[in-house]
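Chemist: Coordinates for the following, if possible.
(one chain, ligands or ions: 1)
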Amino acid sequence: MTLYKQIESITNIPWYYLAGIDQYERNVRQARRDLPKAEGITGIYIRPEIWAGILNPDITDENPLSIQFFNGFGLDGNGDKKASLKNDVDILYTFAHYLQSYGTDHDNIKIGLWDYYKRDKTVGIIIGKARLYKHFGRINLDEHAFPLPVRSHYSYRNTWGAARGWGGRRSHEGTDIFASYGLPVRATAYGIVEMKGWNRFGGWRIGIRDINNNYHYFAHLSGFAKDLQLGQIVEPGMLIGGVGSSGYGPPGTSGKFPPHLHYGIYKDNGYTEWSFDPYPHLKLWERQERNKKK
Ligand SMILES: [Zn+2]
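Modeler: Residues are numbered from 1 along each chain as shown. Alright, predicted model coming up:
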């Protein structure tokens, strides 16, 4: 936070955009094997040849003058006369300075991000993170909640990857939590409602994007929480809908299987999104909440 505020004071790029970009890149690096692990505080990865300049014979160049000569990206942010990829201030300052060349308001920052990443989804994810950071005014938004009240009756086991019980040939991308009809379904993370609506298989569904590039998917709901809207910011534990048995037909079809919550998590790695097993997370969040209530 100190670092983001410091860069904001020099470049006028609001800290929450810097935090959003940094967090996005950190998550992408964690999810991919072709990128080196972050060594400093910042997660932003800039390829050495881009930093030093494509035609620069020395890709480890830290001299701001020769980097500039070869049209490199790297700048000296902390005033030590070096533009170093090993220095957090230099990296963040360089990125912020790049955005600053577009302007410091929301629309221009978005254009700068698009020119840099060339992917709508990435820009959307970063802007979402920035909104969350701005809204809550802090960078620690990692808390989670179990999707159902932990003191209610429900049951689930690990069925990830199993053949689907109800139609469809895709393997099962989630965990089914069986519970009684109408039991409250709650947001599992800090995030933004990215999708809300009907799908032939999933019935009434909600998708929430969290601060770690994860997309939380809730399906077969009985309905949505009153006033829940697309784009809304949610917190862990917030009511979003009810357990139901909707799906497998046109809008409103219900009761073709026992009521349960289908819960899935998808991760974005910067170019694609894939499903991973939510079961260990569910177990963890359930245990954490039970311990908290003791
Ligand atoms: Zn399911």
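Chemist: On the pLDDT front, check Lys37 for me.
Modeler: Note on Lys37: pLDDT of 86.
Chemist: for the residue of the stretch 51-200 of the chain found nearest the ion, helix, strand, or coil?
Modeler: With CB to the ion, the shortest gap between the stretch 51-200 of the chain and the ion falls at Asp176, namely 4.1 Å. In this view, the C-beta of every residue, glycine as well, is placed from N, C-alpha and C. With DSSP: H, G, I helix; E, B strand; the rest coil as the basis, Asp176 sits in strand.
Chemist: count of neighbours near it?
Modeler: Residues within reach of Asp176, counting by other CB atoms under 10 Å, total 21.
Chemist: Hmm, His262 and it touching each other?
Modeler: Yes: Asp176 is in contact with His262 according to CB atoms under 8 Å; the separation is 5.5 Å.
Chemist: This protein: strands as residue ranges?
Modeler: 154-156, 175-179, 184-186, 191-199, 203-210, 214-221, 223-224, 233-234, 239-242, 260-268, 273-276 (DSSP state E).
Chemist: Just give the strands next to the third one in its sheet, each with its orientation.
Modeler: Going back to what we said before, that points to strand 184-186. strand 239-242 (antiparallel) (DSSP bridges).
Chemist: again with the last one
Modeler: Strands adjacent to strand 273-276 in the sheet, as given by DSSP bridges, are strand 260-268 (antiparallel).
Chemist: what's next to the partner strand, contact-wise?
Modeler: 27-28, 31, 121, 125, 147-148, 173-179, 185, 188, 202, 213-221, 243, 245, 273-276, 278, 281-282 (CB atoms under 8 Å, 6 or more residues apart in numbering).
Chemist: ditto for stretch 47-58
Modeler: With CB under 8 Å, 6+ apart as the test, stretch 47-58 has contacts from 59-61, 66-67, 69-74, 83, 85, 94.
Chemist: Repeat the analysis, applying 7 Å as the threshold.
Modeler: 59-61, 66-67, 70-74, 85 (CB atoms under 7 Å, 6 or more residues apart in numbering).
Chemist: Please convert the buried members of these into PyMOL selection syntax.
Modeler: In PyMOL, this line selects whichever of the contacts of stretch 47-58 come out buried by 16 or more other CB atoms under 10 Å:
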select buried, resi 61+66+67+72+73+74+85
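Chemist: so can I have JSON lines of the contacts of stretch 47-58 showing distance to the ion and pLDDT?
Modeler: Below are the contacts of stretch 47-58 laid out as JSON lines (distance: CB to the ion, whole Å; pLDDT from 0 to 100):
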{"residue": "Ile59", "distance to the ion": "48", "pLDDT": "94"}
{"residue": "Thr60", "distance to the ion": "50", "pLDDT": "96"}
{"residue": "Asp61", "distance to the ion": "53", "pLDDT": "97"}
{"residue": "Ser66", "distance to the ion": "57", "pLDDT": "97"}
{"residue": "Ile67", "distance to the ion": "52", "pLDDT": "97"}
{"residue": "Phe70", "distance to the ion": "54", "pLDDT": "97"}
{"residue": "Asn71", "distance to the ion": "51", "pLDDT": "96"}
{"residue": "Gly72", "distance to the ion": "50", "pLDDT": "97"}
{"residue": "Phe73", "distance to the ion": "45", "pLDDT": "96"}
{"residue": "Gly74", "distance to the ion": "48", "pLDDT": "97"}
{"residue": "Leu85", "distance to the ion": "44", "pLDDT": "95"}
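Chemist: Sitting in helices, which of the contacts of stretch 47-58 do you find?
Modeler: In helices, judged by DSSP state H, the following of the contacts of stretch 47-58 are found: 66-67.
Chemist: Could you point out which of the contacts of stretch 47-58 is nearest to His106?
Modeler: Distances from His106 to the contacts of stretch 47-58, taken as CB to CB, are shortest for Phe73 (23.3 Å).
Chemist: State the distance from the closest one to Leu132.
Modeler: 27 Å (CB to CB, to the nearest Å).
Chemist: For the stretch 51-200 of the chain, which segments count as helices?
Modeler: Counting by DSSP state H, counting those that start in this stretch, the stretch 51-200 of the chain has helices at residues 64-69, 88-100, 106-117, 120-136.
Chemist: Tell me which of those helices sits most buried.
Modeler: Across the helices of the stretch 51-200 of the chain, averaging neighbours per residue (mean count of other CB atoms under 10 Å) puts helix 88-100 on top, at a mean of 23.
Chemist: for it, the distance to its chain's centre please.
Modeler: From the chain centre to the centre of helix 88-100 is a distance of 22 Å (CA atoms, centre = their mean, to the nearest Å).
Chemist: what mean pLDDT would you report for it?
Modeler: On average, helix 88-100 scores 97.
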